[in-house]
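1. Need a 3D model of the following:
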Amino acid sequence: MAVCVDEGFQVDELGRLSHKLCGDPADTAWPYTCASSVGNPLRLDPACGLWVPPSAKASTTFADGQTSTTLHTVPVADVEVETADIVVQNPSPCLSAIVIRWVNVDVTWRLPPGTDSRGAASIDGNSFQLIENPAPPGAENGTEMTDVHWEFTQPLIGGGTIPPGGALLYSASIAVGNGQGGAQYGQIRWTVRALALAMP
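-> Alright, predicted model coming up:
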């Protein structure tokens, strides 16, 4: 195959043809610590059109939800009681995107007086709270704890990449458990903030 070039093309130290497109800028060394071969160079298509890789794009998405205010007995074993779902759109039509989520959960508790009343909650299997209502020292019973709120934010990475121009549903499981002493949970509120990153 023969390739015709004009006198503006020069051969660099690696044997590659290069062309100064405008002006007469001075030659400079590759300014990064990585090898130049892993960079994103300009390219020529078969019709001699000049193009560069698509630029990185980012976007944020928000979702929230809540359960009813009905009180339920906290189970001994962990039981999923809600899912924090969010649909994230890839902001790039060209590149795959990864997603980072921040899941915030607020649980309402009712802990009757006693010596062993307690309950726990978790996000995607990560236990983030254990709340107890023990009796004061020397007392048989304590004071009932009602409408107690405990809030926590869990960062989550993973759940799949989003193809170019696509969307994906991400779910985070919210569970309660470790219950005893008649402990109850009420309304569970959640919010999810998601950051989609599409990079070459």
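2. For stretch 157-174, measure first residue to last.
-> 16 Å (Cα to Cα, to the nearest Å).
3. Can you list the buried residues in that stretch?
-> For stretch 157-174, burial by neighbour count (16 or more other Cβ atoms under 10 Å) applies to 159, 162, 168, 170, 172-174. Backbone N, C-alpha and C define where each C-beta goes, glycine included.
4. OK, contacts around Q129?
-> Shown in contact with Q129 (Cβ atoms under 8 Å, 6 or more residues apart in numbering): 107, 120-121, 150, 152.
5. The same query, at a cut-off of 6 Å, please.
-> Shown in contact with Q129 (Cβ atoms under 6 Å, 6 or more residues apart in numbering): 121, 150.
6. before we move on, back to that, the buried residues of stretch 157-174 in strands, which ones?
-> The members of these that map onto strands under DSSP state E are 168, 170, 172-174.
7. Let's have these in a markdown table, adding distance to M145.
-> Below are those laid out as a markdown table (distance: Cβ to Cβ, whole Å):
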| residue | distance to M145 |
| --- | --- |
| L168 | 40 |
| Y170 | 34 |
| A172 | 27 |
| S173 | 26 |
| I174 | 21 |
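8. Out of these, flag the one nearest to M199.
-> Proximity of these to M199 (Cβ to Cβ) peaks at L168, which lies at 16.7 Å.
9. State the distance from the closest one to T143.
-> 47 Å (Cβ to Cβ, to the nearest Å).
10. At the geometric centre of the protein, which residue do we find?
-> Residue closest to the mean C-alpha point of the chain, counted by Cα atoms, centre = their mean, is I100 at 1.7 Å.
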